[in-house]
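Asker: Below are the sequence and a predicted model for it; my questions follow.
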Amino acid sequence: MTDLERPPSTLPGVRYGAIARHVDSRGAFRELWRASAFPTPTAAETGAPAGSELRFVQANLSSSAAGVLRGLHYHRRQLDYWTVASGRALVALVDVRPVVDGRGAAEVETRELGADEWVVIPTGIAHGFLALEPLELVYLVTNEFDGSDELGFAWDDPAVGVPWPSIPATPDGRPILSDRDRSNPTLAELVASLRD
């Protein structure tokens, strides 16, 4: 993992970088993750109990056609490490920690990531991506999927205001969504449900 002079994130705990691609006549090799090169996150960033060590417990590969939007998803007990294997994605991150804590408004950050670029997303940062072209995204997580921490809110919540672009490939310019992402509540509704 190398950091090729990416501008730092404005969201605490979020980090961006790129991996090196070693190419020769046979093809290419990429080292996606190495424990000794990964900055040790805090328990607050992973959602794990204090004193726990970082441990990725599941790796996933997401393939998306151009125009697919996945998100906005929110975890209270999981750090995500995303690497774009191929294609390009517009990544949207929404720091909802101030909203959940009652300290202020959500902060939005978007960034385009291409092949070999990565982002670390700590707990409390809602996340989503739009496939700008056919996309393969590898992601490692610190919590095994069991459905109990799979939260989310509307990708187009006007109170949040993620600046998603129009999709030229769809008739109405809107992204292709899963049923889950199409029916997510607003951020205000999600936060209210967490407080109940």
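Answerer: Thanks, I have it.
Asker: C-alpha only now, for contacts and for neighbours.
Answerer: OK.
Asker: Do I have it right that Ala28 meets Arg21?
Answerer: Yes - counting by CA atoms under 8 Å, Ala28 does reach Arg21; the two are 6.4 Å apart.
Asker: contacting residues around the longest helix seen in the chain?
Answerer: Criterion DSSP state H: the longest helix present in the chain is helix 187-195. By CA atoms under 8 Å, 6 or more residues apart in numbering, the list of residues contacting helix 187-195 from outside reads 99-100, 152-154, 157, 159-160.
Asker: before we move on, the earlier item: between Ala28 and Arg21, which one's more packed in?
Answerer: Arg21 (14 against 9; other CA atoms under 10 Å).
Asker: what residues are up against that one?
Answerer: The neighbours of Arg21, taking CA under 8 Å, 6+ apart as the test, are 28-31, 116.
Asker: mind checking how far it is from Ala35?
Answerer: With distances defined as CA to CA, to the nearest Å, the gap from Arg21 to Ala35 amounts to 18 Å.
Asker: quick one on the thing from earlier: give me the buried entries from the contacts of Arg21.
Answerer: Among these, those scoring as buried are Asp116 (criterion: 16 or more other CA atoms under 10 Å).
Asker: And the contacts of Arg21, which is closest to Ala105?
Answerer: Checking the contacts of Arg21 against Ala105 with CA to CA, the nearest one is Asp116 at 32.1 Å.
Asker: Distance of the closest one relative to Arg30?
Answerer: In this structure, Asp116 lies at 8 Å from Arg30, with CA to CA as the measure.
Asker: and what of Val160?
Answerer: Relative to Arg30, Val160 is positioned 36 Å away (CA to CA).
Asker: in a helix, that's where Ala50 is, yeah?
Answerer: No - according to DSSP: H, G, I helix; E, B strand; the rest coil, the state of Ala50 is coil, so it is not within a helix.
Asker: give the contact list for it.
Answerer: Remark: with contacts taken as CA under 8 Å, 6+ apart, Ala50 is in contact with 43-44.
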